[in-house]
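Novice: give me the fold of what follows.
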Amino acid sequence: MSIRILTNSSKFLQQLKEEVKDLLVPQLKKARKGLRAELTIKIPKWIFTSLDYYLLDKKRNRVELGITEEQLDKAMYDIATVIVASLRIELTKDPGGLKLYFDPDALEFIKEMPSGRYISENGHLVQWLNWLLVAGSQIVVEGHHFTDRPGEGRIGGGVMFKGGVWRVPLEIRGDSQENLVTRVIDKKIKEIYRLMRGHLLGEKPRLKYQ
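Specialist: This is a model prediction of the structure:
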């Protein structure tokens, strides 16, 4: 026995594609919602457990930037909030997939956050987060250099003296191509793919803080 399809083949395939799409879209939307919920929890954790955060929290690096532990944590929390808000998860044109990316304008917003700056005792605006993210090896302060002085300075531990120059410490510096934000995300690409696959396959996510 044979079956003949009398309709136009291209029209049939298009109709089949639309029917498949109707079946998949609800599941894809559910997967998108679940993935966003899980990443909303994981992204702050990734930042606060990153090597960049560990190096920033070392007292000498914080002292050179002139920030307290509280200022650092507030800025990192704000960065996580912006990254989550910039997350885009879209259904692909062909049914059956999701596309995930981060709004490239997020870095510009992060650079200008109020928590990433302060006014020095001399009345100067210190844009420490901007320096951290994009200054790279550029000279940030001309005519002054940092010297360790326990108990002295804005937060104790060191002061700026005349002479020389100051750059962001090598182990924490970044530029427009590679910085704290990009390093955190790049190191978690495989995990993001794993999470996407799990939600597309309907695996139950583990939404909990660890």
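Novice: can I assume residue 111 is in contact with residue 133?
Specialist: Yes - in this structure, residue 111 is within contact of residue 133 by Cβ atoms under 8 Å, at 5.8 Å. Every residue, glycine included, has its C-beta placed from N, CA and C.
Novice: of the two, who's got more company?
Specialist: Remark: of residue 111 and residue 133, residue 133 carries more neighbours, 25 against 19, as counted by other Cβ atoms under 10 Å.
Novice: so that one touches residue 107, yeah?
Specialist: Yes - the criterion here is Cβ under 8 Å, and residue 133 meets it with residue 107 at 6.9 Å.
Novice: so what sits against both of these two?
Specialist: 176, 179, 181 (Cβ atoms under 8 Å, 6 or more residues apart in numbering).
Novice: so which bits of the helix or strand hosting the last one are buried?
Specialist: I take that to be residue 181. For residue 181, the enclosing helix or strand under DSSP states H and E is helix 180-186. Residues 180, 181, 182, 184 are the ones in helix 180-186 that count as buried (16 or more other Cβ atoms under 10 Å).
Novice: likewise for stretch 36-43?
Specialist: For stretch 36-43, by 16+ other Cβ under 10 Å, it's 38, 39, 40, 42, 43.
Novice: ok, the last one - contacts?
Specialist: Going back to what we said before, that points to residue 43. By Cβ under 8 Å, 6+ apart, residue 43 lies in contact with 80, 83, 84, 87.
Novice: the chain: strands as residue ranges?
Specialist: Assigned by DSSP state E, the strands in the chain fall at 87-91, 98-102, 118-119, 125-126, 141-149, 157-166.
Novice: contacts for stretch 160-175, please.
Specialist: Residues from elsewhere that reach stretch 160-175 (Cβ under 8 Å, 6+ apart): 52, 55-56, 60-61, 64-65, 131-147, 153, 180, 182-183.
Novice: how about 10 Å then?
Specialist: 51-53, 55-56, 58, 60-62, 64-66, 120, 122, 128, 131-147, 149, 153-154, 179-183 (Cβ atoms under 10 Å, 6 or more residues apart in numbering).
Novice: what does stretch 184-204 give?
Specialist: With Cβ under 10 Å, 6+ apart, stretch 184-204 has contacts from 24, 27-28, 30-39, 42-43, 46-53, 76, 79-80, 83, 89, 96-100, 102, 178, 205-206.
Novice: in it, what's buried?
Specialist: Neighbour-count burial for stretch 184-204, counted by 16+ other Cβ under 10 Å, picks out 184, 188, 192, 195, 196, 198, 199, 200.
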